[in-house]
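Participant: Curious how this folds, go ahead:
(one chain, ligands or ions: 2)
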Amino acid sequence: MALLPILRYPDPRLHKKATEVDAVDDGIRKLVADMAETMYEAPGIGLAATQVDVHKRVIVIDVSEDKSKLLALINPEILERDGEQVCEEGCLSVPGVYEKVVRSERVTVRAFDPQGAPFTLEADGLLAVCIQHEVDHLDGKVFVEHLSRLKQSRIKARLAKQARITA
Ligand code: GNR
Ligand code: NI
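Facilitator: Numbering: from 1, shown residues only. Ligands and ions are numbered 1, 2, ... in the order given. Down below sits the predicted model:
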């Protein structure tokens, strides 16, 4: 297992569209294990491969209280969406920024597990938010892109300033 460095917004690599995994092999299983370790260590409730500069359609999620329910989704596809919810979101690639985003309340997602078996999951609440947030990453979209242009430029300016201070 290994901890992977997480890309920080605004990094152009966060806007690459990830490609489908064509075979769930040991390389993908190692990526899932490393991403899970990186997510738990951060700590976060989800991580998309895009955030660790691997542009393959792989996400890990664990929204459980005791961090005991790891979900790995390979080639996730949102088949159905329903309703609306507003959640204050954060992102490991946008540290220190928390903003309300409107998303679907419920989603049905189909994906492959690390054994290569297909499964379908119905999710609502925070899990549904997290699935949508992570699938956005795979499509090159960071949550701040759901906010107004003004908020986006303020966030960019703040993070650039912070990067100068910590450099
Ligand atoms: O750790 C995370 N918390 C979170 C809170 C509200 C909505 C979405 C998230 S996902 C985030 C981890 C992350 O950046 N995943 O891409
Ligand atoms: Ni994120």
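
Participant: got the residue ranges for the helices in this structure?
Facilitator: Remark: helices assigned in the chain by DSSP state H are 26-41, 125-138, 149-166.

Participant: Nearest to ligand 1 among these would be which one?
Facilitator: helix 125-138 (4.4 Å; CB to the nearest ligand atom). C-beta here means a position set from N, CA and C on the backbone, and glycine is covered the same way.

Participant: what's the closest non-adjacent residue to the most centrally placed residue in the chain?
Facilitator: The chain has Glu134 as the residue nearest its centroid, 2.9 Å off, counting by CA atoms, centre = their mean. Take Glu134 and drop its neighbours on the chain: the residue closest to it by CB to CB, 6 or more residues apart in numbering is Ile59, 4.0 Å away.

Participant: who's in contact with the one you found?
Facilitator: 35, 46-49, 72-73, 76, 131, 134-135, 137-138 (CB atoms under 8 Å, 6 or more residues apart in numbering).

Participant: Nearest to Glu88, out of the helices of the chain?
Facilitator: helix 125-138 (9.7 Å; CB to CB).

Participant: How far does the closest one sit from its chain's centre?
Facilitator: A distance of 6 Å separates the centroid of the chain from that of helix 125-138, by CA atoms, centre = their mean, to the nearest Å.

Participant: centre of the chain versus stretch 1-13, how much separation?
Facilitator: Relative to its chain's centre, stretch 1-13 lies at 12 Å (CA atoms, centre = their mean).

Participant: Is ligand 1 within reach of it?
Facilitator: No - on the criterion CB under 6 Å from any ligand atom, stretch 1-13 is out of touch with ligand 1, staying 8.2 Å away.

Participant: And for stretch 141-151?
Facilitator: No - judged by CB under 6 Å from any ligand atom, stretch 141-151 and ligand 1 are separated, with a smallest distance of 7.0 Å.

Participant: which residues touch that stretch?
Facilitator: Against stretch 141-151 from outside (CB under 8 Å, 6+ apart): 9, 14-15, 89, 91, 93-94, 97, 99, 101-102, 133, 136, 152, 155.

Participant: Considering the residues you listed, which is situated nearest to Asp53?
Facilitator: Among the contacts of stretch 141-151, Leu14 lies closest to Asp53 (CB to CB), at 9.1 Å.

Participant: distance of whatever residue of the chain ends up closest to ligand 1 from Glu37?
Facilitator: Taking CB to the nearest ligand atom, ligand 1 has its nearest neighbour within the chain at Gly44, 3.1 Å off. Shown here: Gly44 relative to Glu37, a distance of 12 Å by CB to CB, to the nearest Å.
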